[in-house]
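Colleague: Compute the structure for the input listed below.
(2 chains, ligands or ions: 2)
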Amino acid sequence: MNAVTGTADDVDGFVVVGASLAGLRAVESARRAGYRGRITLIGAEEHLPYDRPPLSKAFLTGPDTPVYLATEAALRDDLGVDLRLGQRVTALHPDEGVVAAGGGLVPYQRLLIATGARARTLHPLPVLPGVVTLRSLDDARAIRAALGRARRVVVVGGGFIGAEIASSARTLGASVTIVEAAPTPLVRAVGEVVGAALCVMHERYGTELRCGVQVSELIGRDHVEGVLLANGQIVPADLVVVGVGALPATGWLAGSGVELDQRDGAVVCDEYLQTSVDGVYAAGDLVRWPNAVFGSSMRLENWTSAAEQGTRAAVNALVPARRAPYASVPYFWSDWYGQRIQFVGTAQADSVVFVSGDPAADRFVALLRRGDRLVGAATLNEPSKIMKYRRFIAQDDGWAAASAFSRDGGQPVRP
Amino acid sequence: MRIVVDRARCSGIGICESLDPSHFEIGDDGALMLLSDIAAEDDDTVLEAVRSCPALALSVQPE
Ligand SMILES: Cc1cc2nc3c(=O)[nH]c(=O)nc-3n(C[C@H](O)[C@H](O)[C@H](O)COP(=O)(O)OP(=O)(O)OC[C@H]3O[C@@H](n4cnc5c(N)ncnc54)[C@H](O)[C@@H]3O)c2cc1C
Ligand code: SF4
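Modeller: Numbers count the residues shown, from 1 in each chain, chains lettered A, B, ... in the order given. Ligands and ions are numbered 1, 2, ... in the order given. You can find the predicted model right below:
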């Protein structure tokens, strides 16, 4: 098979399931890499690929204008993609080389799984009007409308998306309470010290944060009226937004032979982002893969890695000569109350040093250390600094190098 | 070759700077500054940075 040009033996071409960030980057990079075979992009949502990060931020407080990542003309005409929106793929049959969608079968030569994640719910608590989760544009539209009326909002979960929704609700003038089960929010994402430092912002901007307590019941009959906490307290609410994480959207792969992680259903990939089935690759929020930078297996839920993985997986699937492992220092950002949080690396550190600002300030740079290495860096309102630390991360003597760099005032190294 | 930034796509993430600080830098306002838009044809560091932009905002053109 001539994988780059896509010749006659390649008529079934490249099929991408999931028409969001990872899937879009995959089709874009397939064409950039010179692949000329057939490309089919199948997505369950009716919408063109759109950007999710604004959904918990500007979209909730500003106009109802989604940020689309591509136009229909760019996809169909410029990239020559057979775009099938509003079609949910229900099964994969690797032996026949087909996926099932919209009542028919779509054959593939190479397949990319990019169905992302779905919001976790408070299951087994019953569903009640006024209790919502946020993952899609349709979810965001519902929350946006509800926020226009809501006066008391409870956000369950103090993670990034929960904190962003809380901040948007505050901006709109609601009184907001975050209920977080862990003693400190964000520990897995940024570690305890940085997590606590960031949460100072909630208090500063008038959001109440209750940690170390779980929601045991949703109160209300026809519509939610509040939440009952495990400590017996009741927090009244006319809107409850549940932000307790996301799970890989991989139910449709059950029984397909594609290996899924037993814990969370993530697609288990090798360093090339290939799944346990030959010719089937995966990218984005649902991938667990061995990240050589840290020598450990990871599943990330952030924009940058979804984009990078989509790009990498398509090249690996279609252009053998350019096959390369995917290894990366993770990066993400979050915006609370108009303040920009950025993080690179991992939070698995032994100690944290604030090299500028301090935990109570509205601007800081914190470095995370493990042994002689710099493993992560967190900044608040220091957009020009964060990436200057990325290159020290996971180097053998990275800690010494990063410390010296910060003592010099964190000026860029110019050749 | 010349480095071209598609400003409509660039979101100031700065992956490019982390890979090639001699051409790319994020300023205090969070926007990307090109320190130089000229690079040698065989400058693999630039090419790596261009290929690694997650927003696909970077490309190179022959001069
Ligand atoms: C509200 C919100 C805010 C965020 N903010 C940030 C942020 O500030 N910074 C950051 O770094 N990251 C942020 N993220 C994370 C980032 O958006 C995700 O990492 C990224 O969207 C992952 O892309 P993906 O393509 O892997 O999956 P997704 O974007 O989840 O897309 C998967 C697509 O597949 C479709 N699909 C699912 N099942 C099927 C099926 N069976 N058949 C066909 N199609 C299917 C879905 O409908 C969806 O369109 C945020 C996410 C959300 C939800
Ligand atoms: S990596 Fe891409 S999006 Fe980020 S600053 Fe550089 S050019 Fe802009």
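
Colleague: Point me to the residue of chain B nearest ligand 1.
Modeller: Residue nearest to ligand 1 within chain B: residue B:13 (9.0 Å; CB to the nearest ligand atom). C-beta here means a position set from N, CA and C on the backbone, and glycine is covered the same way.

Colleague: near chain A, which residues of chain B show up?
Modeller: Chain B has residues B:12-15, B:17-19, B:21-22, B:25-30, B:35, B:52, B:54-56 near chain A, with proximity defined as CB under 8 Å from any CB of the partner chain.

Colleague: Is the closest residue to residue A:322 other than its chain neighbours within a helix or a strand, and which one?
Modeller: Excluding the flanking residues, the one nearest residue A:322 by CB to CB, 6 or more residues apart in numbering or on different chains is residue A:315, at 5.3 Å. Secondary structure assignment for residue A:315, by DSSP states H and E: helix A:303-318.

Colleague: Just want the angle from the helix or strand that that helix is followed by to helix A:303-318.
Modeller: Using DSSP H and E, the helix or strand that follows helix A:303-318 towards the C-terminus is strand A:331-336. Relative orientation of strand A:331-336 and helix A:303-318, computed by axes from the mean of the first three to the mean of the last three CA atoms, to 10 degrees: 150 degrees.

Colleague: where do the strands sit along chain B?
Modeller: B:2-5, B:24-26, B:32-34, B:58-61 (DSSP state E).

Colleague: ok now the second one, how far from the chain's centre?
Modeller: Put plainly, it is strand B:24-26. 8 Å (CA atoms, centre = their mean, to the nearest Å).

Colleague: ok, now the third one?
Modeller: Using CA atoms, centre = their mean, the mean C-alpha position of strand B:32-34 is found 7 Å from that of the whole chain.

Colleague: Now do it, average pLDDT.
Modeller: Taken as a whole, strand B:32-34 has a mean pLDDT of 96.

Colleague: Also stretch A:191-203?
Modeller: 96.

Colleague: Residue A:17 touches residue A:114, doesn't it?
Modeller: Yes - Residue A:17 is in contact with residue A:114 according to CB atoms under 8 Å; the separation is 6.3 Å.

Colleague: more crowded one of those two?
Modeller: For residue A:17 versus residue A:114, neighbours defined as other CB atoms under 10 Å in any protein chain shown are more numerous around residue A:114 (34 against 27).

Colleague: Backbone dihedrals for that one, both of them.
Modeller: For residue A:114, the backbone dihedrals (degrees, to the nearest 10) come out as phi -140, psi 50.

Colleague: need the contact list for it.
Modeller: A:16, A:17, A:18, A:20, A:22, A:23, A:26, A:282, A:283, A:284, A:286, A:310 (CB atoms under 8 Å, 6 or more residues apart in numbering or on different chains).

Colleague: For residue A:107, give me phi and psi.
Modeller: Torsion angles, degrees, to the nearest 10, at residue A:107: phi -80, psi 150.

Colleague: distance of it from chain B?
Modeller: Applying CB to the nearest CB, to the nearest Å, the value for residue A:107 to chain B is 28 Å.

Colleague: ditto for residue A:12
Modeller: Taking CB to the nearest CB as the measure, residue A:12 falls 26 Å from chain B.

Colleague: Tally up the residues packed near that residue, please.
Modeller: Neighbours of residue A:12 using other CB under 10 Å come to 17.

Colleague: Just to be sure, it is in a strand?
Modeller: No - looking at residue A:12 with DSSP: H, G, I helix; E, B strand; the rest coil, it is coil, so not inside a strand.

Colleague: give the contact list for it.
Modeller: Taking CB under 8 Å, 6+ apart, one finds A:38, A:97, A:107, A:108, A:109 in contact with residue A:12.

Colleague: Show me the two of the residues you listed that sit farthest apart.
Modeller: Farthest apart among these by CB to CB are A:38 and A:97. That separation is 13.5 Å.

Colleague: Run through the residues of chain A sitting next to ligand 1.
Modeller: By CB under 6 Å from any ligand atom, the residues of chain A that approach ligand 1 are A:17-23, A:42-45, A:52-53, A:55-56, A:88-89, A:114-117, A:134-135, A:161, A:249, A:252, A:284-285, A:301-304, A:306, A:332-334.

Colleague: Which residues does residue A:91 form beta bridges with?
Modeller: Beta-bridge pairing of residue A:91 under DSSP bridges involves residue A:100.

Colleague: separation between it and chain B?
Modeller: Distance from residue A:91 to chain B, by CB to the nearest CB: 31 Å.

Colleague: can you pull the contacts of that residue?
Modeller: A:99, A:100, A:252, A:256.

Colleague: Buried among those? Make that a PyMOL selection.
Modeller: To isolate the buried ones among the contacts of residue A:91 in PyMOL, judged by 16 or more other CB atoms under 10 Å in any protein chain shown, type:
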select buried, chain A and resi 99+252+256
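
Colleague: could I get the contacts of residue A:91 as a markdown table with pLDDT and distance to residue A:403?
Modeller: Output for those, formatted as a markdown table (pLDDT from 0 to 100; distance: CB to CB, whole Å):
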| residue | pLDDT | distance to residue A:403 |
| --- | --- | --- |
| A:99 | 98 | 51 |
| A:100 | 98 | 55 |
| A:252 | 98 | 48 |
| A:256 | 98 | 49 |
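
Colleague: Past the helix or strand containing residue A:340, which element shows up next along the chain?
Modeller: Using DSSP H and E, residue A:340 maps to strand A:339-345. For strand A:339-345, the succeeding helix or strand toward the C-terminus, using DSSP H and E, is strand A:351-356.
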